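Trainee: Curious how this folds, go ahead:
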Amino acid sequence: MRNHIRTTALAATALLAALSLTACGGNDNANDSKAGAAAPAANATATTPHTDKGAKDAKDTKDTKDAKETGSGTAQAPAQNASTTSKGSTGGSKSGKSSAGSTGSGSKSPVTCTGSNTKVTVTKVSRPINHLLLTATNTGSAPCYAYHAPALGFDDAQAAFPVLRDSIPQAVVTLEPGQSAYASIGLSGEPDGQELHKGTHLTVYFTGKANQGSTGAPAKLTLPAGTSWGDNGFVTYWQSEMADALMY
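Mentor: Have a look, this model is predicted:
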């Protein structure tokens, strides 16, 4: 009887232990289920950054597109400015062309100096003695060349007055309008004691480039009072400076 009670008690104890284990297992499963249920929430939370990143990428793409469109609009401005600058340059060229045309129309080709386009005067000088000074001033509108030496005729003399070859200038004298050329006349030369001729009038002839006789109209002048000339006198070549003419 005592053994039967003990056996029953052990059986009861074993049953309680089994129930306890079952209860523990159920709790573990419940906890596992709760953990499993919580996991998707965590995954959902973890997915959120990806969603935000996608939105951010989309926004960046839109911003980039906007920036490109904005950049394209800015790039057209220099082209417009370049066109404006080109017009400005064209305007400058027109101004330069007008200036060049004005200069060209004002310039004239040089001609030969004659009695028609110059004013010729004759004056007596104190130094050197027995000398006269011829001055030919360009009164025309174009430059003129004073070629070689003037050919002189005193009164009714038939012979040409001698020319001093030593006075040849380095270059042809060119007279702009208003400028003058000079030549000196030595009334008498060596030897002294020669016969002198009283003179009242002087005709000045101009020569051309080829120096073959006179060209153009001559200048007819009245000599200073008391002028006398000799057959061995001379006239210099035209000079650009008065001092150069009077040095002979």
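
Trainee: which outside residues touch stretch 159-176?
Mentor: Outside of stretch 159-176, the residues that reach it under the criterion Cβ atoms under 8 Å, 6 or more residues apart in numbering are 110, 113, 118, 136-138, 143-149, 151-154, 181, 185-186, 229, 231-240, 244-245, 248. Just so you know, the C-beta spots here come from the backbone N, C-alpha and C atoms, and that holds for glycine as well.

Trainee: Endpoint to endpoint, stretch 232-242 covers what distance?
Mentor: Counting by Cα to Cα, to the nearest Å, the length from the leading to the trailing residue of stretch 232-242 is 23 Å.

Trainee: what about the strands in this protein?
Mentor: Under the criterion DSSP state E, the chain carries strands at the ranges 111-112, 118-125, 131-138, 144-154, 173-175, 180-186, 196-198, 201-207, 214-222, 228-230, 234-235.

Trainee: thinking again about what came up before, Throw together a PyMOL command that grabs the buried residues out of the contacts of stretch 159-176.
Mentor: Taking 16 or more other Cβ atoms under 10 Å as the burial criterion, the selection of buried members of the contacts of stretch 159-176 in PyMOL is written as:
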select buried, resi 113+118+136+137+138+143+144+145+146+147+148+149+151+152+153+154+181+185+186+229+233+234+235+236+237+238+239+240+244+245+248
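
Trainee: In the chain, where is pLDDT below threshold?
Mentor: Low-confidence regions of the chain, defined here as pLDDT under 70, cover residues 1-106, 190-193.

Trainee: Tell me which stretches of it form helices.
Mentor: With helices called from DSSP state H, the chain shows them at 2-106, 242-245.

Trainee: Please name the residues that touch the spatially closest residue to P224 that is not a sequence neighbour.
Mentor: Excluding the flanking residues, the one nearest P224 by Cβ to Cβ, 6 or more residues apart in numbering is K124, at 4.3 Å. Shown here is K124, whose contacts under the criterion Cβ under 8 Å, 6+ apart are H131, L132, L133, P224, T227.

Trainee: Give me the buried entries from these.
Mentor: Looking at those with 16+ other Cβ under 10 Å, the buried ones turn out to be H131, L132, L133, T227.

Trainee: Excluding covalently adjacent residues, which one is nearest to the last one?
Mentor: In this structure, T227 finds its nearest non-sequential neighbour in G199, 4.9 Å apart by Cβ to Cβ, 6+ apart.

Trainee: my guess is the one you found meets L152, correct?
Mentor: No: under the criterion of Cβ atoms under 8 Å, G199 lies out of contact with L152, with a separation of 10.2 Å.

Trainee: End to end on stretch 232-248, go ahead and measure it.
Mentor: Stretch 232-248 has an end-to-end distance of 14 Å (criterion: Cα to Cα).

Trainee: returning to what we had before: spatially, which two of the contacts of K124 are the most separated?
Mentor: L133 and T227 (12.4 Å; Cβ to Cβ).

Trainee: burial of H201, as a residue count?
Mentor: Under the neighbour criterion other Cβ atoms under 10 Å, H201 is assigned a count of 13.

Trainee: Contacts only, for the spatially closest residue to R127 that is not a sequence neighbour.
Mentor: In space, R127 comes closest to L246 once its chain neighbours are excluded; the distance is 7.3 Å by Cβ to Cβ, 6+ apart. In this structure, L246 makes contact with V125, R127, P128, H131, L133, Y182, S184, judged by Cβ under 8 Å, 6+ apart.
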